[in-house]
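Asks: I'd like to go over a predicted model; first the sequence, then the structure.
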Amino acid sequence: MSVDKIFDVENVTLRFGGVVSLNDVSLYQTRGEILAVIGPNGAGKTSLFNSLTGVYQPQEGTITFSGRDAKPISMIGRKPHRVSNAGVARTFQASRMFSALTAFENVKIGAESHYGIGAVGAMLKGPATRRGEKKSDARTIELLDFVGLRERANTVSASLSYGDRRRLEIARGLATDPQVLLLDEPAAGTNPSEKVQLTNLIRKVRDEMGVSILLIEHDMKLVMALAERLYVLNFGSVIAEGTPEEIRANRAVVDAYLGSSTTETTGA
């Protein structure tokens with residue numbers, strides 16, 4: 001039976017001088033799946049995300065993305081903005097919000113990019129720009145409502161709680177109308193109550209919006225509650241793949257990560 005893959009990574013190797021960050025990595029994500037990538041510090045997780053989104057260009061291997069029309073396209077060599085246009089959005093471990101802007105303004109930036117409102121259009125304010133702004137305003141309010149921040153629309157993002165900022169980042173990612181959303185340590189800095197809210201929101205994004213979710217996360221409780229499959233990286237190589245139950249029972253994983261006392265903080 002064929003598998004509907006939205007991401008297909010085959011034999012990817014990424015080097016920085018003599019340092020191998022990703023070593024012959026192969027993995028895939030099916031459409032509509034919540035997939036997690038875990039591993040200890042320095043395992044290559046963020047290097048993988050950067051390779052998927054055009055920030056890094058691997059020296060070997062292929063990365064194929066099948067977007068809205070399911071037509072496979074190569075992601076290697078594409079600039080980050082072209083990766084975004086293809087249907088891939090991401091959040092970052094460290095907040096990338098515009099701290100002086102409101103929640104509404106932060107999300108609207110993403111919505112405007114989707115509706116093609118560029119700098120020239122914004123200055124000229126022609127009919128097409130006005131229509132685009134009306135749509136982006138409506139979409140922004142819709143997304144703030146979706147993530148539970150509509151009443152904080154006019155709040156400056158710097159004054160939001162850590163949990164609210166994480167939800168705002170998800171809303172901004174969704175504003176570009178992605179097919180897959182990459183979440184880099186989405187629970188970092190959140191308290192237990194915020195983690196529960198975040199878990200429910202991520203599942204809601206997949207279930208109600210049909211967006212595939214690929215996440216890096218060190219909080220194993222959250223990962224095991226959300227992920228349908230996991231890949232485990234160690235020293236740049238995939239050492240295991242399977243369901244949460246299979247990963248828990250994998251001795252190599254326990255030795256390399258789950259059984260370690262090391263707390264992951266960098267997402268590297």
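Replies: Structure received.

Asks: For stretch 209-219, C-alpha coordinates in PDB please.
Replies: Extracted as PDB, the C-alpha positions of stretch 209-219 are listed here (Å, rounded to 0.1, in the frame of the first residue of the first chain):
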ATOM      1  CA  MET A 209      -7.200  22.700  10.000                       C
ATOM      2  CA  GLY A 210      -5.700  19.500   8.500                       C
ATOM      3  CA  VAL A 211      -2.200  20.800   9.000                       C
ATOM      4  CA  SER A 212       0.500  18.200   9.400                       C
ATOM      5  CA  ILE A 213       2.700  18.800  12.500                       C
ATOM      6  CA  LEU A 214       6.400  18.100  12.800                       C
ATOM      7  CA  LEU A 215       7.900  18.900  16.200                       C
ATOM      8  CA  ILE A 216      11.100  18.900  18.100                       C
ATOM      9  CA  GLU A 217      10.500  18.800  21.800                       C
ATOM     10  CA  HIS A 218      12.400  17.800  25.000                       C
ATOM     11  CA  ASP A 219       9.200  17.400  27.100                       C
END
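
Asks: which of the residues in it are buried?
Replies: V211, S212, I213, L214, L215, I216, E217, H218, D219 (16 or more other C-beta atoms under 10 Å). C-betas here are computed from N, CA, C, even on glycine.

Asks: Report the beta-bridge partners for the fourth one.
Replies: Judged by DSSP bridges, the bridge partners of L214 are L35, L182.

Asks: Send me stretch 46-66 as CSV with only the CA atoms.
Replies: The C-alpha coordinates for stretch 46-66 follow below in CSV (Å, rounded to 0.1, in the frame of the first residue of the first chain):
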residue,chain,number,x,y,z
THR,A,46,17.6,21.8,14.6
SER,A,47,20.0,21.1,11.7
LEU,A,48,17.3,18.9,10.3
PHE,A,49,14.6,21.6,10.7
ASN,A,50,17.0,24.2,9.1
SER,A,51,17.6,21.8,6.2
LEU,A,52,13.8,21.2,5.7
THR,A,53,13.2,25.0,5.6
GLY,A,54,16.0,26.1,3.3
VAL,A,55,18.2,27.7,6.0
TYR,A,56,20.9,25.0,5.4
GLN,A,57,21.7,23.2,2.2
PRO,A,58,22.8,19.6,2.7
GLN,A,59,25.7,18.4,0.6
GLU,A,60,24.1,14.9,0.0
GLY,A,61,20.7,13.4,-0.2
THR,A,62,17.2,14.6,-1.2
ILE,A,63,14.3,16.4,0.6
THR,A,64,11.0,16.2,-1.2
PHE,A,65,7.8,18.0,-0.2
SER,A,66,4.4,17.3,-1.6
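
Asks: next one: that stretch to chain centre, how far?
Replies: 13 Å (C-alpha atoms, centre = their mean, to the nearest Å).

Asks: and what of stretch 165-177?
Replies: 10 Å.

Asks: got it, and stretch 218-238?
Replies: 14 Å.

Asks: residues of that stretch that come out buried?
Replies: 218-220, 222-224, 226-227, 229-234, 236, 238.

Asks: Name the helix or strand for the closest residue to Q197 other than its chain neighbours, please.
Replies: With C-beta to C-beta, 6 or more residues apart in numbering as the criterion, Q197 has its nearest non-adjacent residue at 6.4 Å, and that residue is G163. Per DSSP states H and E, G163 falls inside helix 162-174.

Asks: what packs against that helix?
Replies: If you count contacts as 3 or more C-beta pairs under 8 Å, 6 or more residues apart in numbering; DSSP states H and E, helix 162-174 packs onto strand 88-90, helix 103-114, helix 127-146, strand 180-184, helix 192-209.

Asks: Many thanks, have a good one.
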